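>>> could you work out the structure for the sequence below:
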Amino acid sequence: MDVLINALTTLLVTLDPPGLAPIFLGLTVGMSREQRRQVAFRGTLIAFCILAVFALFGASVLGILGISIGAFRIAGGLLLFWIAFEMVFEKRQERKEKTSEAAITKDHIHNIAVFPLALPLVAGPGAISATILLAGSMPSAIDRFQLILIIAFCTLLLFATLIIAERIDRFLGVTGRAILTRLLGVVLAALAAQFVVDGIRSAFAI
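Reported below is the predicted structural model:
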């Protein structure tokens, strides 16, 4: 149960549904409600498929490359810690907004469900790293199935968040978003530190 709660918390914080809501609105400016719904559905579905593939085969790919789970836990933990650092100091939000602006100016409006929504805003390096790390600590087939269900739940929650993005943005406001992002960043930093500690123990068999 602890592993499942840890997986759910890690993925939710990494995906950051409240933080994506205002960026999604910026990406889909000028679109109707139905068009936004289609973009949100396609984007979250593609992101789910990407994360599910890494949950099932990420550890195998690491094995082929000769990378131990311990080493990846250390590297992934450091990467998640950097993302947490960006969240606390509001650097991540700025970077995501720049990505969304670049996509619009390059006239990718019809493909934004794939880029930049699914990749890299939802299934970005942080989410992929977190998925592989979690898959490494859930080796059995039943565990992997549970991880897929957790990914499905998180992406479904993200889809629901994007559908009501306008209401969430109005409710939170600038101050609310800043407070929530910083709180989630601190939680992610603690989870990242735990990944590094587990990785060191595994790599050096402490």
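>>> which helix of the protein spans the most residues?
In the chain, with assignment by DSSP state H, the single longest helix is helix 165-204.
>>> neighbours around residue 58, how many?
By other CB atoms under 10 Å, 20 other residues sit near residue 58. The C-beta positions use only the backbone N, C-alpha and C, and glycine is treated the same way.
>>> tell me who's in contact with it.
Going by CB atoms under 8 Å, 6 or more residues apart in numbering, residue 58 touches 128, 131-132, 135-136.
>>> just the strands in the chain please.
Under the criterion DSSP state E, the chain contains no strands.
>>> what's the weakest-modelled helix or strand in it?
helix 91-105 (a mean of 54; mean pLDDT, DSSP states H and E).
>>> list the buried ones in stretch 76-85?
Within stretch 76-85, the residues that count as buried by 16 or more other CB atoms under 10 Å are 76-77, 79-84.
>>> ok, these vs residue 121, which is closest?
residue 83 (12.5 Å; CB to CB).
>>> who are the contact partners of the closest one?
Shown in contact with residue 83 (CB under 8 Å, 6+ apart): 14, 92, 126, 188, 192.
>>> give me that answer again for 10 Å
Residues near residue 83 by CB atoms under 10 Å, 6 or more residues apart in numbering: 13-14, 16, 91-92, 124-127, 129-130, 185, 188-189, 192.
>>> which two among the residues you listed are spaced furthest apart?
Distance extremes for those: the farthest pair is 91 and 130 at 18.6 Å, using CB to CB.
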